[in-house]
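Peer 1: what follows is a protein structure lacking sequence information:
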DNA sequence: CTCGTAATCACGCGAATACGTGAATAGGAT
DNA sequence: ATCCTATTCACGTATTCGCGTGATTACGAG
């Protein structure tokens, strides 16, 4: 095989992977699956798609080797194939952040009022939880909490948050995290906590940032 | 703006970036530009495309914010917008390597005979050049050498290699590098060097790996 | 000013993709 | 065996993309 043929063949394969990422809905699916395995139906619900469209997108991702599926009784469960996939998603996201002004504008518009100056990063989170003066709350669905969460965090899914605010010490300071920098759950949680008079802040990091920082995860239900 | 709208808008932007990467030819262009700035015509020549097709691809990349252009007399020179773009390209490549069997097969078929067991990585290269028992040769075009090369390397573009083999000490051991793991230049160089009786090995790392490893670069012509 | 070179634009064809709707299939549960 | 649920497949249409050809614009040299 000559140089040009080889190049064409290799870049063709790279493009297969990039094409699989090249759809907003598929990126959203990868973002979700980075939190843990999920069934088609539950992915469809989370992403506001029909089951059929979701299934099709998942097949595209599977053909590109980015996700794998396995059967669990009636359900087909999808998961990311390995961490290189999450890393590629993250790198794309970071390039978009750096290069596309709209991304920064959107984030500022949506998170600006909640975050005030800056949301917490992994380091600040560690520091503050090390001092023991904050409660770290995971506001993702219980399913995702069970699939891996920050060591020491309390599960308080957004859906149940309102009724569970009463469980918190009234003088508590809460830091809420969810799926990552563009996940809306923690922002909404912070709004509701503050409305209830609880001091609260959003953490920008998600479970993948935590893992990448080499910090320990815990598994299983609360 | 509600959660769903925000998500849709944000992932739409991420997909813009991914779509720009989702073409073999554009990936090849990014690979090239990661070596240094280039004019449209020279990109067209390197990638076996017409100038017109190249120009169009470059515009797609520019619309996605991945490259920038500036005029230099008659020429328009393109360059990668920043290192997050190279990082994203690298992450995509690594995901493809990890997940697509064809990539490994192609690489094995093309590089297998040249590399023997394993090509050198950044670490081995450092170690061996530290011992001073090898000559590090950069076989990329002189233009790319000038735009940044491994400190201490000798420029010997593939095109001139045959006539310059005589300049090498006959007992030399050469390690050749080029643009990165899928660049064919160093493989071809190693074949020719060995055919001329010179001990030679290929380095898999390219200039971007070297930079990421925090090693120093040199600039300017040989 | 005119010429030549570099780059971009305009048009058009064929291929690939997205997505909705509804039918078909695969496993368990009864 | 039959029903139910979760998932996948098939089909049709609208849209987008890739790329070649040839015209057009931008700039500098003579």
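Peer 2: Received it, and whenever you're ready, just let me know what you need. As the structure is a computational prediction, the values presented were derived from the model and not from experiment.
Peer 1: any regions of chain A where pLDDT drops low?
Peer 2: By pLDDT under 70, the low-scoring segments of chain A are A:1, A:117, A:222.
Peer 1: biggest strand in chain A by residues?
Peer 2: Among all segments of chain A classified by DSSP state E, the strand with the greatest residue count is strand A:199-206.
Peer 1: any idea which helix or strand comes after it?
Peer 2: Scanning the chain past strand A:199-206 towards its C-terminal end, the next helix or strand to appear is helix A:207-212 (assignment: DSSP states H and E).
Peer 1: which strands or helices does the helix or strand following that next one pack on?
Peer 2: Elements were assigned by DSSP H and E; along the chain past helix A:207-212, the next helix or strand is strand A:217-218. For strand A:217-218, the helices and strands in contact under the criterion 3 or more CB pairs under 8 Å, 6 or more residues apart in numbering or on different chains; DSSP states H and E are strand A:149-150, helix A:207-212. Glycine gets a C-beta too; all of them are placed from N, C-alpha and C.
Peer 1: just to revisit the earlier point, other residues contacting the longest strand of chain A?
Peer 2: Outside of strand A:199-206, the residues within contact range by CB atoms under 8 Å, 6 or more residues apart in numbering or on different chains are A:34-35, A:111, A:114-115, A:119-122, A:125, A:136, A:172-181, A:183, A:186-187, A:189-190, A:193-194, A:213.
Peer 1: swap in stretch A:159-174?
Peer 2: With CB under 8 Å, 6+ apart as the test, stretch A:159-174 has contacts from A:133-135, A:137, A:139, A:141, A:156, A:189, A:192-193, A:196-201.
Peer 1: now stretch A:65-78
Peer 2: Identification of contacts with stretch A:65-78 by CB under 8 Å, 6+ apart yields A:17, A:20-21, A:29-30, A:33, A:37-41, A:43, A:58, A:61-62, A:79-81, A:85, B:95, B:99-100.
Peer 1: and with 6 Å instead?
Peer 2: A:20, A:37, A:39, A:40, A:58, A:61, A:80, A:81, A:85, B:99, B:100 (CB atoms under 6 Å, 6 or more residues apart in numbering or on different chains).
Peer 1: chain center to it: distance?
Peer 2: 19 Å (CA atoms, centre = their mean, to the nearest Å).
Peer 1: pop out the phi and psi values for the residue nearest to residue A:128 when sequence neighbours are not counted.
Peer 2: Using CB to CB, 6 or more residues apart in numbering or on different chains and skipping the chain neighbours, the partner closest in space to residue A:128 is residue A:134 (4.9 Å). With angles defined as degrees, to the nearest 10, residue A:134 shows backbone torsions of phi -130, psi 160.
Peer 1: how close does residue A:134 get to residue A:217?
Peer 2: When CB to CB, to the nearest Å is the yardstick, residue A:134 and residue A:217 sit 19 Å from each other.
Peer 1: who are the neighbours in contact with the residue nearest in space to the middle of chain A?
Peer 2: Note on chain A: the residue nearest the mean C-alpha position is residue A:179, at 2.7 Å, using CA atoms, centre = their mean. Residue A:179 sits next to A:35, A:206 when contact means CB under 6 Å, 6+ apart.
Peer 1: try it again at 8 Å.
Peer 2: Taking CB under 8 Å, 6+ apart as the definition, contacts of residue A:179 comprise A:31, A:32, A:34, A:35, A:140, A:144, A:185, A:206, A:207.
Peer 1: need the residues of chain A near DNA strand D, please.
Peer 2: Neighbours of DNA strand D within chain A, by CB under 7 Å from any atom of the strand: A:39-41, A:51-52, A:55-56, A:58-59, A:69, A:74-77.
Peer 1: now the residues you listed as JSON lines including secondary structure?
Peer 2: Supplementary listing: those in JSON lines, determined by DSSP: H, G, I helix; E, B strand; the rest coil:
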{"residue": "A:39", "secondary structure": "strand"}
{"residue": "A:40", "secondary structure": "helix"}
{"residue": "A:41", "secondary structure": "helix"}
{"residue": "A:51", "secondary structure": "helix"}
{"residue": "A:52", "secondary structure": "helix"}
{"residue": "A:55", "secondary structure": "helix"}
{"residue": "A:56", "secondary structure": "helix"}
{"residue": "A:58", "secondary structure": "helix"}
{"residue": "A:59", "secondary structure": "helix"}
{"residue": "A:69", "secondary structure": "strand"}
{"residue": "A:74", "secondary structure": "coil"}
{"residue": "A:75", "secondary structure": "strand"}
{"residue": "A:76", "secondary structure": "strand"}
{"residue": "A:77", "secondary structure": "strand"}
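Peer 1: from those residues, which is closest to chain B?
Peer 2: Ranked by distance to chain B (CB to the nearest CB), those are led by residue A:69 at 14.1 Å.
Peer 1: if we can go back for a sec, if any of the contacts of strand A:199-206 are buried, put those into a PyMOL selection.
Peer 2: Entered in PyMOL, the line below selects the buried ones among the contacts of strand A:199-206, by 16 or more other CB atoms under 10 Å in any protein chain shown:
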select buried, chain A and resi 34+35+111+114+115+119+120+122+125+136+172+174+175+176+177+178+179+180+181+183+186+187+189+190+193
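Peer 1: give me the subset of the contacts of strand A:199-206 that lies in strands.
Peer 2: Secondary structure assignment (DSSP E) places A:136, A:173, A:174, A:175, A:176, A:177, A:178 from the contacts of strand A:199-206 within strands.
Peer 1: and the lengthiest helix in chain A, what's buried?
Peer 2: Across chain A, the longest stretch assigned as helix under DSSP state H is helix A:3-21. Neighbour counts using 16+ other CB under 10 Å place A:6-21 of helix A:3-21 among the buried residues.
Peer 1: one more: stretch A:121-131?
Peer 2: If you call a residue buried by 16+ other CB under 10 Å, then stretch A:121-131 has these buried ones: A:122, A:124, A:125, A:126, A:128, A:129.
Peer 1: per the annotation, how does chain A divide into domains?
Peer 2: Using automatic domain parsing, the domains assigned to chain A come out as A:3-85, A:107-218.
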